[in-house]
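Trainee: Provide a 3D model corresponding to the input given below.
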Amino acid sequence: MPDPSLSMYLGVPGYVVLWLLALVAFGLFGRRTFYLVRVLLRGRPEVRWEEPVRRVMLVVKNVLGQRRLLNEPVIGAAHFLIFWAFVFYATSFFWNLIRGLVPALPIPYSDQVGFMALGLEMFGWLALISLIVAGIRRYVFTPERLELSRDASIILVLIATLLVTFLLGDGARAAVEPRPNPWTPVGNLLGPLFFRGVSEAGAQSLYLWMWWVHMATVLGFLAYLPSSKHLHLLASPFGVLFGSLQPGAMPASSAGAARLEDFTWRQLLSGLSCAECGRCDRACPAFNSGMALSPKMLIHHVKELVVDAVPALLPVALPAPARIPELGATMANGGTVTPQGKAFVGDVITREELWGCTTCASCMDRCPVFNEHIPLIVEMRRYLVSQGDIESRVQDTLTNLTRYGNSFGQSPRGRTKWTQGLEFKIKDARKEPVEYLWFVGDYASYDPRLAEISRTTARVFHKAGLDFGILYEGEQNSGNDVRRIGEEGLFEVLRDKNLQALGKARFDTIVTTDPHSYHVLRNEYPSNGNGHGPRVLHYTELLDRLVKDGCLALRRSVHATVTYHDPCYLGRYNGVYGAPRRLIGSLGVSLVEMPRNRSTAYCCGAGGGRIWMEDAPGLKERPSESRVREAAAQPGVQTLVVACPKDLVMFQDAIKTTGLEKQLSVADVIELVAEAAAPAN
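Mentor: Predicted structure coming up:
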């Protein structure tokens, strides 16, 4: 066994050397981890331990099950095997460490126990193959936004060393065993292959040194881990455990964030959890359109903010020339000054990056460690808004919203102008009870391109015998995009005015055609003024049920080949994918899915207030233009079907700028429903 043999080589018992190595490794690991946790605790408090069972299940699915990583099947499977090899080898390491530190313990080493030996060999062999796959992907077929860092190469070499030393050690031991051990099939294969003719003493010596190289490598990896790129191995399980239980939930009301202390501890943890895999960048419409925003680099800068704060906490001062200034130092306007003398918000993370975000949540949906990019961006946008650092067009929009309650700057009395020309009067839900309150939204109310769509919706509701009404001039902008711009105060004003109007109305359910309003009414309005939150439906959910129940008769089939665009705030934010598709399928059309659909659907580019902003400098192609090209490329597709007023506006413009007018048209799903519900000729 290791102890006496090491005495022969070094003249000291093996457990003494092991104690020295372990104390150094765990000391360095604990010291670095301690100071990183201290920096995190400088962030604002935030409750992230409600619903513990649900949180544990997130860990089971996404840490143990690697669910999001498996969205990219090949590298996901490789990572899954490497992860479980890591779990098995970590268990074996601590087992052997305890046994080696205390030789008197009456327990065997882990590889002397059958099931552990088999598991270590199987996972070791599979993980070695997976490591080769990961290396080929990283260095030969490198995905976009996966950088070739030296740190990652070091980690790959360390992991390979762990696996190879164990497998070679097993092979050396198997080579001199009198009969094959059924628990070590890989060792039985490697022994004759590599160690034929080696003496028993030589094989035992090789096994011993492989054991020590393996243990020393693990201890070195442990000491190196908190200072390396693979810090995410330590932090990411906690990132998942303390992840948001509501996709895209906004941070609590604050004055914004420009210093480390302005962010919550969970927001800062995102930086340490990041694996720098680039999945967020590959999904981001802003990044892929050529805008300045890179979600990955945004999180990386947060990591730097945390890591660079550690030296200021160290008990021993650094030499003067290398001293890193404390990140608590602030500028006159309250922002953090980095060690390089740059403002964290404005220089390190630029205004162009922050205003480029469409808040589509693709980055967060793809992130395997549940990092929360959008709350970080909104916190920093709040800071920019507090400094008046916003575009003039956005400022004008916010002024309109403050004065008139809508983004168009029109009189509240003009909100129902679109109802002119209807054959019936829509009820005022403030004056008479209705079953369904239709929250129409700004664009469906004021944009002249959408007036006929709104009238068609009203006619379909009426034809279905729906008891519905609206708030007339009592309705205000729902505030969804206002909040994501960073104007939390104005959001609260709009929300409270809407809640006041809702409190005066008598209804059972809210229905809306606007996914942005749908999300904020459903998830961010606390009550309707009567002490409880209303049920909120998107019109596709309601129409799907009406068709299913026979309340809305479809008299003809719509003969067309169409594709459907999933709105971000209906799909990724609220998981509504089935109802629109069932509704479209009931109309008799042929539905062709785009490659990016459901949770991977590409954003139109309107969200997060982007619809109110100028095109960003360096823009290669608007997200809406990329999306209509994708739709037009599908075989036989003539119509792009949407279920959001902003989508209709964005895609109609994109079809013109891309020259696809003769190839593709855009239609709201309600237009197809109305056609199917019309009397047959």
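
Trainee: which stretches of the stretch 351-500 of the chain have low pLDDT?
Mentor: Within the stretch 351-500 of the chain, no range satisfies pLDDT under 70.

Trainee: and this protein, what are its domains?
Mentor: What the record gives for the chain is the domain set 2-239, 243-386, 407-544, 561-677, from automatic domain parsing.

Trainee: Run the chain-centre distance for the second one.
Mentor: Computed by Cα atoms, centre = their mean, to the nearest Å, the separation of domain 243-386 from the middle of its chain amounts to 15 Å.

Trainee: Tell me where this protein has strands.
Mentor: Using DSSP state E, the strands of the chain run over 427-428, 436-439, 468-470, 509-512, 535-538, 561-564, 590-591, 639-642, 665-668.

Trainee: Now tabulate the ones you listed in TSV and tack on mean neighbour count.
Mentor: For the C-beta atoms, the positions are set from N, CA and C on the backbone; glycine is no exception. Formatted as TSV, the entries for the strands of the chain read as follows, by neighbours: other Cβ atoms under 10 Å:
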stretch	mean neighbour count
strand 427-428	18
strand 436-439	25
strand 468-470	23
strand 509-512	22
strand 535-538	20
strand 561-564	21
strand 590-591	16
strand 639-642	25
strand 665-668	20
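
Trainee: re earlier: distance to A553 added to the domains of the chain, as CSV?
Mentor: Written out in CSV, the entries for the domains of the chain read as follows (distance: least, Cβ to Cβ, whole Å):
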stretch, distance to A553
domain 2-239, 41
domain 243-386, 36
domain 407-544, 8
domain 561-677, 7
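
Trainee: and G550, which of those is closest to it?
Mentor: domain 407-544 (10.1 Å; Cβ to Cβ).

Trainee: Just want the most central residue of the chain.
Mentor: Within the chain, the residue whose C-alpha comes closest to the C-alpha centroid is M364; the distance, by Cα atoms, centre = their mean, is 1.2 Å.

Trainee: what are the phi and psi angles of the closest residue to W265 other than its chain neighbours?
Mentor: Once its chain neighbours are removed from consideration, W265 has its nearest residue in G43; the separation is 3.9 Å (Cβ to Cβ, 6 or more residues apart in numbering). For G43, the backbone dihedrals (degrees, to the nearest 10) come out as phi -70, psi 170.

Trainee: my read: G43 touches G271, true?
Mentor: No. Applying Cβ atoms under 8 Å as the test, G43 and G271 come out as separate, 10.7 Å apart.

Trainee: gap between the closest residue to R67 other than its chain neighbours and H79?
Mentor: Spatial nearest neighbour of R67, excluding adjacent residues (Cβ to Cβ, 6+ apart): K61 at 4.9 Å. With the distance defined as Cβ to Cβ, to the nearest Å, K61 ends up 15 Å from H79.

Trainee: what number of residues lie near the residue nearest to R67?
Mentor: Using other Cβ atoms under 10 Å, the number of residues around K61 comes to 13.

Trainee: didn't A286 look like it was pressed against L298?
Mentor: No. In this structure A286 lies outside contact range of L298 using Cβ under 8 Å: 10.7 Å.

Trainee: mind listing what the nearest residue to L591 once chain neighbours are set aside touches?
Mentor: In space, not counting the residues next to it along the chain, L591 is nearest to I584; the distance is 5.5 Å by Cβ to Cβ, 6+ apart. Under the criterion of Cβ atoms under 8 Å, 6 or more residues apart in numbering, the contact list for I584 reads V562, Y564, L591, V641, V669, L672.

Trainee: For N498, list the residues it contacts.
Mentor: Remark: with contacts taken as Cβ under 8 Å, 6+ apart, N498 is in contact with E475, Q476, S478, G479, Y525.

Trainee: so A674 makes contact with F461?
Mentor: No. Under the criterion of Cβ under 8 Å, A674 is not in contact with F461, lying 10.7 Å apart.

Trainee: any idea how far K427 is from L234?
Mentor: Relative to L234, and taking Cβ to Cβ, K427 is found at 59 Å.

Trainee: how about low-confidence regions in the protein?
Mentor: In the chain the weaker segments, taking pLDDT under 70 as the threshold, are 1-11, 147-148, 316-341, 527-532, 681.

Trainee: do you know how far the residue nearest to the centre of the chain is from E372?
Mentor: When Cβ to Cβ is applied, the distance between M364 and E372 equals 6 Å.

Trainee: cool, D396 as well?
Mentor: Separation of D396 from E372 (Cβ to Cβ) stands at 30 Å.

Trainee: Of these two, give the one with the bigger neighbour count.
Mentor: E372 (27 against 13).

Trainee: rewinding a little: nearest to S445 among the strands of the chain would be which one?
Mentor: Across the strands of the chain (criterion: Cβ to Cβ), the nearest stretch is strand 468-470, sitting at 9.1 Å.

Trainee: Who are the packing partners of the closest one?
Mentor: In terms of contacts (3 or more Cβ pairs under 8 Å, 6 or more residues apart in numbering; DSSP states H and E), strand 468-470 is packed against strand 427-428, strand 436-439.

Trainee: How many neighbouring residues does E51 have?
Mentor: Residues lying near E51 (other Cβ under 10 Å) number 10.

Trainee: re the thing from before, neighbour count winner among A286 and L298?
Mentor: Ranked by neighbour count (other Cβ under 10 Å), A286 and L298 place A286 first, with 29 against 26.

Trainee: so what's that one up against?
Mentor: Residues in contact with A286, defined by Cβ under 8 Å, 6+ apart, are L293, G356, C357, T358, A616, P623.

Trainee: Now, the residues you listed that are in helices?
Mentor: With helices identified by DSSP state H, the entries of those that belong to them are G356, P623.

Trainee: circling back to that earlier point, can you give me the distance of the residue nearest to the centre of the chain to W125?
Mentor: In this structure, M364 and W125 are 36 Å apart, going by Cβ to Cβ.

Trainee: Could you do A275 as well?
Mentor: The gap separating A275 from W125 is 24 Å, by Cβ to Cβ.

Trainee: quick one: which of those two has more around it?
Mentor: A275 (23 against 18).

Trainee: Does that one touch R366 like I think?
Mentor: No. When contacts are counted by Cβ under 8 Å, A275 is not listed as touching R366 (11.6 Å).

Trainee: Just give the number of residues close to Q246.
Mentor: What Q246 shows, counting by other Cβ under 10 Å, is a neighbour count of 10.

Trainee: so what's it up against?
Mentor: With the criterion set at Cβ under 8 Å, 6+ apart, Q246 makes contact with N523.

Trainee: What sits closest to the residue in the chain sticking out farthest from the centre if chain neighbours are left out?
Mentor: Checked against the mean C-alpha position of the chain, the extreme residue using Cα atoms, centre = their mean is S199, at a distance of 55.7 Å. Counting by Cβ to Cβ, 6+ apart, the nearest residue to S199 once its immediate chain neighbours are dropped is V176, at 7.9 Å.

Trainee: Lovely, talk soon.
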